[in-house]
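S.K.: Kindly generate the corresponding structure for this input.
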Amino acid sequence: MYFSDRSREELIRELESLPKGNISYKNIRGAKRMYLGGKYIKAAEELAIMSQIERRNRIEAELKGQLSGNGLSESSPSFGVGYLTNVISGNRLQDYVDSVKVYKRRECFSSLSAFLDSDISGKVCLVYGLRRTGKTIMIFQAISDLDLSKAAYIKIMPSDNMSMLNRDLMTLSGRGYKYVFIDEITLMSDFIDSASLLSDVYAMGGMKIVLAGTDSLGFVFSKDEELYDRTVTIHTTFIPFREYSSLLGINDIDEYIRYGGTFRVGETDFDDPLLNDEGISFRDDETTRRYIDTAIARNIQHSLACYKNGEHFRHLVDLYEANELTNAVNRIIEDMNHRFLASVITRDFKSHDLGSAAQIDRKRAAAENRLSILDQADTSGVISRFMEILDIKNKDDLTVKITEDHVAEIKEYLRLLDLIVDCPSEGIGCSAVEHIIFTQPGMRYCQAQALVYSIMKDEAFKKFSILEKDRLCNIILEEVKGRMLEDIVLLETQKRLPRGKRVFKLIFAVGEFDMVIADEKALTCEIFEIKHTENVFVDQYKNLVDNEKCLLTEHDFGTITNKTVIYRGEDTEVDGINYVNVTGYLSNL
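M.R.: Predicted coordinates for the structure are as follows:
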């Protein structure tokens, strides 16, 4: 029987925890929306609800004694005899496949397709990345290209274990299934320490196994241990602008800055309850804080807890127990240079965005013969509210003394999660500095939005007009967009450069080039300024035409062959300087 290893009382308890009602669909504004018992189901929850209803139906059938195993076939509505986990196969996969037809395919889909079509044996495919980066959709897109009678999808629950999965795989193999897709496998507490069973037995026997999960770190550990040299890996966390634009039909760099990093629905009317979807990971300050807490901090915590019975916690165990990891991650993201230093996390918090805005507004105010808003208002309330929103704590509020060991391990795990990339700066006449780039821009931008919300709501700013407050908030957001645009261009250029070329920011004793591309074989280089502006003016390229800076650059890196300003305006040329539109540049990388 399906749940033969479990008592009637256990089945009833699980049944009570599962959703009730029947699934139906309505067409809302041309989009297909799911409802359960008349209640709207958010897009991000649809697949989970379908899986839970499947599980409810099978438990109810078990309790009624309907799954006796007599006279049932694979085409029967009650097919599922002998499975201990949530196995969906045959014709019942059609609804799942139909639910993803509206989505375009990610660029990395070709790697998954190649694995399924290959003659490789003894290897499993790992599809991993943070939440809402297209893993499950990609699985059902792959299933849609297969013979459904030979494919099975398994949705793992936290109560499942490798023994249960092993028995189900034996059953599927005996019934001739060739392709098995196992979703959320990292929820199994014993996955990391027993994953080799999947490659050494089933994949070696000719079964194509694809594993997906949101605890990306668990896959990294299993790949280095139990599945060493027996995996094909597909990473989904990093979504470049080119792909984001193609999949969502949005050719706007500011949209990518606001929401980049995860996929979201295209609508922006967030007052509409049907569109107020949790699938929009960086919609506001609360969803961003929750995403960082659950998708990153808990990802690390869960994977380390399961790995070698928790022996790999090392220095971070105290931070987990005190719920202070989210504080550390948010502190580093907010830091202007993303420096991984204990001092960044532990010193009394001062917003870099607020400080930068104060400098800019102070200069403008002096030119306009007025006082800066930030010089007239007590910003302590703004900072307090901002810290509360992002779960940031000051040194006196921390229960764990953070050391450089903590910070080094956080950096290590964020790199393994594909969340950060090293793009070191080089120096002429000064020391080079570490430069870390976050691959999900929406996280950083939403921190700036949280600061803006805090200013708009704070009592100290009530005396200023809405126009004055709006001007200050725009300064903050524009300054953040400018720094983020630099990071986006640097990151995506670095990822696409051919061997023999390298990209970096070049810092002088005074001033810098936002980006340099050096050809180490030809001994040539290109120099760039990156500006979040639409207009052309001389101040944008003053460093590019600085003779001393150019001579120093050519001395260290070779002949300068091109001087370019990457910005948001039209392609043009001014005083021998190429002006290139940023969306065109990123799309053509």
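
S.K.: how deep is residue 35 tucked in, by neighbour count?
M.R.: Residues lying near residue 35 (other Cβ atoms under 10 Å) number 15. For the C-beta atoms, the positions are set from N, CA and C on the backbone; glycine is no exception.

S.K.: Revised request: answer the last question for residue 366.
M.R.: Neighbour number of residue 366 under other Cβ under 10 Å is 11.

S.K.: How confident was the prediction at it?
M.R.: Residue 366 carries a pLDDT score of 89 in this model.

S.K.: Figure out the helix or strand that it lives in.
M.R.: For residue 366, the element it lies in under DSSP states H and E is helix 352-367.

S.K.: What residues sit buried inside that helix?
M.R.: Neighbour-count burial for helix 352-367, counted by 16 or more other Cβ atoms under 10 Å, picks out 352-354, 356-358, 360-361, 365.

S.K.: show me where the stretch 301-450 of the chain has strands.
M.R.: 420-422, 426-428, 436-438 (DSSP state E, counting those that start in this stretch).

S.K.: and the helix holding residue 366, how far from the chain's centre?
M.R.: Helix 352-367 has its C-alpha centroid displaced from the chain centroid by 32 Å (Cα atoms, centre = their mean, to the nearest Å).

S.K.: circling back to that earlier point, possible to save the buried residues of helix 352-367 as TSV with distance to residue 203?
M.R.: Shown next, in TSV, are the buried residues of helix 352-367 (distance: Cβ to Cβ, whole Å):
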residue	distance to residue 203
352	49
353	49
354	53
356	52
357	55
358	58
360	57
361	61
365	66
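
S.K.: Looking at those residues, which is nearest residue 317?
M.R.: When the buried residues of helix 352-367 are compared for distance to residue 317 (Cβ to Cβ), residue 352 wins out at 30.0 Å.

S.K.: Just to check, that closest one is in contact with residue 335?
M.R.: Yes: at 6.5 Å, residue 352 counts as touching residue 335 under the criterion of Cβ atoms under 8 Å.

S.K.: before we move on, back to that, can you check which of the strands of the stretch 301-450 of the chain gets nearest to residue 517?
M.R.: Closest among these, using Cβ to Cβ: strand 426-428, at 12.3 Å.

S.K.: Would you mind confirming that residue 140 makes contact with residue 99?
M.R.: Yes: the pair residue 140 and residue 99 qualifies as a contact (Cβ under 8 Å) at a distance of 7.0 Å.

S.K.: Residue 467 versus residue 163, what's the distance?
M.R.: 66 Å (Cβ to Cβ, to the nearest Å).

S.K.: Looking at those two, which has the bigger crowd around it?
M.R.: residue 163 (13 against 7).

S.K.: before we move on, what SS does the more buried one have?
M.R.: Put simply, residue 163 is helix when judged by DSSP: H, G, I helix; E, B strand; the rest coil.

S.K.: same question, the one 4 residues further on
M.R.: Here residue 167 takes the helix state, with states given by three-state DSSP.

S.K.: Name all residues that make contact with it.
M.R.: Applying Cβ atoms under 8 Å, 6 or more residues apart in numbering to residue 167 gives the contacts residue 84.

S.K.: Distance check, it against residue 153.
M.R.: According to Cβ to Cβ, residue 167 and residue 153 sit 17 Å apart.

S.K.: Was I right to think residue 25 contacts residue 33?
M.R.: Yes: the pair residue 25 and residue 33 passes the contact test of Cβ under 8 Å, sitting 6.6 Å apart.

S.K.: pull the helix or strand with minimum mean pLDDT from the protein.
M.R.: helix 285-291 (a mean of 54; mean pLDDT, DSSP states H and E).

S.K.: Mind checking which of residue 25 and residue 33 has more residues around it?
M.R.: With neighbours defined as other Cβ under 10 Å, residue 25 and residue 33 compare such that residue 33 has more, 17 against 12.

S.K.: Could you list the buried residues of stretch 579-588?
M.R.: 579-583, 585-586.

S.K.: Hmm, I typed the wrong one, I wanted stretch 458-477.
M.R.: Neighbour-count burial for stretch 458-477 [16+ other Cβ under 10 Å]: 458, 461, 464, 469, 472-473, 475-477.

S.K.: same deal with stretch 247-266?
M.R.: Applying 16+ other Cβ under 10 Å to stretch 247-266 flags 247-248, 250, 253, 255-265 as buried.

S.K.: now do stretch 396-404
M.R.: Residues 398, 400, 402 are the ones in stretch 396-404 that count as buried (16+ other Cβ under 10 Å).

S.K.: and it, what's its mean pLDDT?
M.R.: 84.

S.K.: And the contacts of it?
M.R.: Contacts for stretch 396-404 (Cβ under 8 Å, 6+ apart): 315, 318-319, 322, 324, 327-328, 341-342, 345-346, 406.

S.K.: For the residue lying closest to residue 166 once chain neighbours are set aside, report the pLDDT, please.
M.R.: Among residues not flanking residue 166 along the chain, residue 197 sits closest, at 6.2 Å (Cβ to Cβ, 6 or more residues apart in numbering). We have a pLDDT of 89 for residue 197.

S.K.: wait, is residue 197 part of a helix?
M.R.: Yes: counting by three-state DSSP, residue 197 is located in a helix.

S.K.: what stretches of the stretch 51-200 of the chain score poorly on pLDDT?
M.R.: For the stretch 51-200 of the chain, applying pLDDT under 70 flags the ranges 61-82.

S.K.: now do 80
M.R.: 51, 54-82, 90-91, 130-132, 158, 189, 192-193 (pLDDT under 80).

S.K.: Tell me where it has strands.
M.R.: Using DSSP E, counting those that start in this stretch, strands in the stretch 51-200 of the chain cover 86-89, 124-128, 151-155, 179-183.

S.K.: Please work out which residues outside the first one touch it.
M.R.: Spelled out, it's strand 86-89. 51, 54-55, 74, 79-80, 96, 151-157, 160, 168, 172, 177.

S.K.: change it to 7 Å
M.R.: 51, 54-55, 80, 96, 152-155, 157, 168, 177 (Cβ atoms under 7 Å, 6 or more residues apart in numbering).

S.K.: The stretch 201-350 of the chain: helices as residue ranges?
M.R.: Along the stretch 201-350 of the chain, counting by DSSP state H, counting those that start in this stretch, helices occupy 216-224, 241-248, 253-259, 285-291, 298-306, 317-321, 325-334, 342-346.

S.K.: Quick check: residue 333 touching residue 445?
M.R.: No: contact criterion Cβ atoms under 7 Å: residue 333 and residue 445 do not qualify, at 10.4 Å.

S.K.: the strands in the stretch 451-589 of the chain, which residues?
M.R.: 501-508, 512-519, 524-530, 559-567, 572-574, 577-581.

S.K.: could I get these as CSV with distance to residue 415?
M.R.: Listed next are the strands of the stretch 451-589 of the chain as CSV, based on distance: least, Cβ to Cβ, whole Å:
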stretch, distance to residue 415
strand 501-508, 18
strand 512-519, 22
strand 524-530, 24
strand 559-567, 27
strand 572-574, 39
strand 577-581, 31
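
S.K.: would CSV of those strands with mean pLDDT and distance to residue 454 be doable?
M.R.: Output for those, formatted as CSV (pLDDT from 0 to 100; distance: least, Cβ to Cβ, whole Å):
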stretch, mean pLDDT, distance to residue 454
strand 501-508, 94, 30
strand 512-519, 96, 30
strand 524-530, 97, 28
strand 559-567, 98, 30
strand 572-574, 96, 39
strand 577-581, 97, 34
